[in-house]
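# Compute the structure for the input listed below.
(one chain, ligands or ions: 1)
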Amino acid sequence: MIELRDVHKAFGPKEVLRGIDLSIGKGRSMVIIGGSGTGKSVCLKCVLGLIEPDRGIITVDGQDVTRLRQGSSERDAFLARFGMLFQGGALFDSLPVWQNVAFRLLRGSLKRPWTEAREIAIEKLRRVGLSPDVADLYPAELSGGMQKRVSLARAIAAEPEIIFFDEPTTGLDPIMSGVINDLIREIVVEMGATAMTITHDMTSVRAIADEVAMLHRGKIRWTGPVTEMDASGDPYLTQFITGSPNGPIETLR
Ligand SMILES: Nc1ncnc2c1ncn2[C@@H]1O[C@H](COP(=O)(O)OP(=O)(O)OP(=O)(O)O)[C@@H](O)[C@H]1O
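So this is what the prediction gives:
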């Protein structure tokens with residue numbers, strides 16, 4: 001269970017988060033939507049402890065995230081529970097695919113013997129639809145969709161309890177986006193993982209979410225089950241999901 005209570009964060013005079021309250025139940029998939037620059041990534045980084053909120057409390061299974069000191073073994077153990085699919089994939093070009101997938105299994109608290117790490121990487125690659133012969137290729141030799149699959153395999157390699165997806169379909173064509181969305185949904189369900197996703201892609205929202213939260217002006221404007229999103233009656237949410245230039249959300253032209 002992930003809980004944010006009255007979380008505030010400003011950068012200089014810029015108040016990005018202005019009192020965020022959000023709960024993500026164990027094994028649930030929460031998708032956070034909202035315009036560019038509304039603080040979705042800042043919110044996610046606060047949960048990971050990469051950014052310290054100015055005020056408020058963030059807990060993961062009751063443990064206060066903000067109290068874990070950088071570099072402490074407690075913090076390492078905390079981070080070991082997370083998997084992360086970064087925007088753009090963020091694969092290491094100089095490492096073969098399997099070492100990208102097994103990255104966290106080759107070092108640190110999750111370290112496994114080399115051959116075992118490779119076996120796990122190959123199994124995870126298979127899970128995301130890639131054959132073992134991809135294992136020894138380099139990321140640059142793969143298409144964007146294949147790279148995204150590799151990133152997904154890496155996110156799940158250490159069997160995390162909680163997975164973050166930051167813009168998982170950015171840069172993919174609609175069909176490949178659909179394939180990745182379906183894979184994410186299937187994997188999250190079969191692992192029983194808690195998932196937190198940031199996206200602009202409404203198709204992803206519908207494919208991945210149990211619950212949706214919309215960020216606007218530093219607060220959660222609306223949150224509820226994805227099934228109630230279309231009939232929410234909230235003019236901000238409705239404008240966002242229909243992509244209309246007309247409505248209460250101010251747009252620059
Ligand atoms: N480390 C930082 N220092 C200063 N400002 C920051 C920092 N991180 C984020 N910001 C600012 O906070 C605001 C929110 O950024 P954030 O990346 O969370 O937006 P977002 O909702 O994820 O946007 P997008 O959908 O475009 O990725 C932006 O105005 C950004 O410039």
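# For this protein, which segments count as helices?
Per DSSP state H, the chain carries helices over the ranges 40-47, 73-79, 97-101, 114-127, 144-156, 174-191, 202-208, 235-242.
# Now do the same for the third one: mean pLDDT, whole number.
Over the span of helix 97-101, the pLDDT mean works out to 96.
# Run through the residues that contact residue 77.
The contact partners of residue 77, taken as CB atoms under 8 Å, 6 or more residues apart in numbering, are residue 109. For the C-beta atoms, the positions are set from N, CA and C on the backbone; glycine is no exception.
# Of the helices of the chain, which is nearest the ligand?
Distances from the ligand to each of the helices of the chain were compared by CB to the nearest ligand atom, and the smallest falls on helix 40-47, at 3.4 Å.
# Mind giving me the packing neighbours of the closest one?
Using 3 or more CB pairs under 8 Å, 6 or more residues apart in numbering; DSSP states H and E as the contact test, the elements touching helix 40-47 are strand 2-11, strand 14-24, strand 29-33, strand 55-60, strand 162-166, strand 194-198.
# Residue 134: which of the ones you listed is closest?
Across those, residue 134 has its closest neighbour in strand 162-166 (21.3 Å, CB to CB).
# contact partners of the closest one?
Residues from elsewhere that reach strand 162-166 (CB under 8 Å, 6+ apart): 2, 41, 44, 47-48, 60, 81-87, 155-156, 184, 188, 191, 193-199, 208.
# Given it, what are its sheet partners and their directions?
Strand 162-166 pairs in its sheet with strand 82-85 (parallel), strand 194-198 (parallel), by DSSP bridges.
# neighbouring contacts of the longest one?
By CB under 8 Å, 6+ apart, the list of residues contacting strand 194-198 from outside reads 1-2, 24-33, 40-41, 44, 47, 161-168, 184, 188, 204, 208-209.
# Spatially nearest residue to residue 137, not counting backbone neighbours?
The shortest distance from residue 137 to any residue that is not its chain neighbour, by CB to CB, 6 or more residues apart in numbering, is 5.4 Å, and that residue is residue 97.
# Surely the one you found and residue 132 touch.
No: using CB atoms under 8 Å, residue 97 and residue 132 do not qualify as a contacting pair, with a distance of 10.1 Å.
# These two: which is more packed in?
Neighbours were tallied for residue 97 and for residue 132 using other CB atoms under 10 Å; the higher tally belongs to residue 97 (27 against 13).
# Quickly check: stretch 178-197 near the ligand or not.
No: when contact is scored as CB under 6 Å from any ligand atom, no part of stretch 178-197 falls within range of the ligand; the minimum is 12.0 Å.
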